[in-house]
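Engineer: coords please:
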Amino acid sequence: MSFSDLFDSEFKQRNKGHFSSIVRLALADGVFAPEEKEFLEKLAIRLEISSAEYEEILENPSKYPINPPYLYAKRLERLYDLARMVRIDHILGDKQEVMLKKLCLGIGFTSENVDSIVASALSLVDENVDLDDFLLKMQKDE
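Structural biologist: The predicted structure is shown next:
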């Protein structure tokens, strides 16, 4: 296996792990809202998730582990996707909030700051900020 193949394989695994986390979050309330399904379809394309992988992850989202990013900015990028999934149907259920906090811990945020990180992220997503503004504002609050 060449070095580039290894890198591509790791990249795909990280994307599958991230996508499966978002699917778990979407399923936390038991059903996919149409808006959630549409968001997942667009995200799958962005993350280069094939149709077969998409279906496999929907059937068993726990199959892929959470791969916490080393860089803080990458953690924030994942948080952005997670927060957008929670707010896509404009409903934050108790189960989704608990799952979001668990996933935040899984991607590397600490238990001491997870509540404030989640609150800030959800607030920014409610303001419809784009990824660049989200990163900028979240890093200021760090």
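Engineer: Next, the buried residues of the host helix or strand of I22.
Structural biologist: Secondary structure assignment for I22, by DSSP states H and E: helix 3-27. Neighbour-count burial for helix 3-27 flags 14-27 (criterion: 16 or more other C-beta atoms under 10 Å). (Glycine included, C-beta is placed from N, CA and C.)
Engineer: do the same with stretch 100-116
Structural biologist: 100-104, 107-109, 114.
Engineer: do the same with stretch 41-59
Structural biologist: Applying 16+ other C-beta under 10 Å to stretch 41-59 flags 43-44, 47, 49, 53-54, 56-58 as buried.
Engineer: Show me what the worst-scoring helix or strand of the chain on mean pLDDT packs onto, helices and strands only.
Structural biologist: In the chain, no helix or strand scores lower on mean pLDDT, DSSP states H and E than helix 3-27, which sits at a mean of 76. When contacts are defined as 3 or more C-beta pairs under 8 Å, 6 or more residues apart in numbering; DSSP states H and E, helix 3-27 sits against helix 34-46, helix 51-59, helix 72-87, helix 94-106.
Engineer: Which residue lies nearest the spatial centre of this structure?
Structural biologist: Centroid-nearest residue in the chain: L82, 3.5 Å away (criterion: C-alpha atoms, centre = their mean).
Engineer: OK, contacts around it?
Structural biologist: The contact partners of L82, by C-beta atoms under 8 Å, 6 or more residues apart in numbering, come to 21-22, 25, 100, 103-104, 121.
Engineer: just checking, A28 touches L103?
Structural biologist: No - the pair A28 / L103 is not scored as a contact, 9.7 Å apart, by C-beta atoms under 8 Å.
Engineer: So A121 versus D132, what's the distance?
Structural biologist: Using C-beta to C-beta, to the nearest Å, one gets 15 Å for the distance from A121 to D132.
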